[in-house]
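Novice: Sequence and predicted structure, then a few things I'm wondering about:
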Amino acid sequence: MLKKLQKQGNKAGFKRTPQRLAILEYLEGNLSHPSAEDIYRAVSRKYHSMSFATVYNTLNTLAKGGAVRELTIDPERRRYDPDTSRHHHLICVDCRKVVDIAGDIAVEIPKTMAKDFTVFGNHVEFYGHCAPCGKKKKKKP
Ligand code: ZN
Ligand code: MN
C-alpha cells in the first residue's frame, strides 16, 4: 500500500506529504488496528513536530481516499486498518484487541430482506474474549 502510494503519488489523488508517508510507513503491514492515539504515539517519536491534530486529519484524508480503512468496531475509538481488502474482524470486549478473520465467510441476506437495496458488501464484527482475557475471567471467583 505504501509502495503503491509512493509510486502513484498524485495519481492516486494524494500529495506525498511527509506526514502521510510517515503514517503510512507506520501502518504498512501493521495488524494491530491502531487508533489515532496509538499512531500519534508511535509516529511522533520519530517525527517530533507532528501534532495529534495532524495525525488525526491525515488519517481522515487517507481513509477518504481509500488508502486506509476506518473501523468503527471499537465503541471507544476509531481504529485504522492498512488492509483495505474485504475482511471481517474479531474484537475482545475486555482488552479491545482487534484481529482479522482470514478467509471468506458466506454472509448473505435474501432479496426480500434487502428491501430495495443493491447490496455490494458487508462487514461482520464478532465480539468475545481473547484467550488471555478469557483465562483472566476464569481465575476470578
Ligand atoms: Zn482481550
Ligand atoms: Mn483488519
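Specialist: Noted; the coordinates are in hand. Ligands and ions are numbered 1, 2, ... in the order given.

Novice: State the three-state secondary structure for Arg41.
Specialist: Taking DSSP: H, G, I helix; E, B strand; the rest coil as the rule, one finds Arg41 in the helix state.

Novice: what about it, neighbour count?
Specialist: 13 (other Cβ atoms under 10 Å). All C-beta atoms are positioned from the backbone trio N, CA, C, and that covers glycine.

Novice: how about it, what does it touch?
Specialist: By Cβ atoms under 8 Å, 6 or more residues apart in numbering, the contact set of Arg41 is empty.

Novice: Tell me the pLDDT of it.
Specialist: At Arg41, the model reports a pLDDT of 97.

Novice: And Ala114, how far from Glu125?
Specialist: Distance, Ala114 to Glu125, by Cβ to Cβ, to the nearest Å: 20 Å.

Novice: same question but for Glu70, I mixed them up
Specialist: Applying Cβ to Cβ to Glu70 and Glu125 gives a distance of 14 Å.

Novice: ok, back up a step: Ala114 and Glu125: which has the busier surroundings?
Specialist: Taking neighbours as other Cβ under 10 Å, Ala114 and Glu125 compare with Glu125 leading, 14 against 11.

Novice: shouldn't that one be in contact with Val93?
Specialist: No - using Cβ atoms under 8 Å, Glu125 is not in contact with Val93, being 10.9 Å away.

Novice: give me the low-pLDDT residue ranges for the protein?
Specialist: 1-14, 141 (pLDDT under 70).
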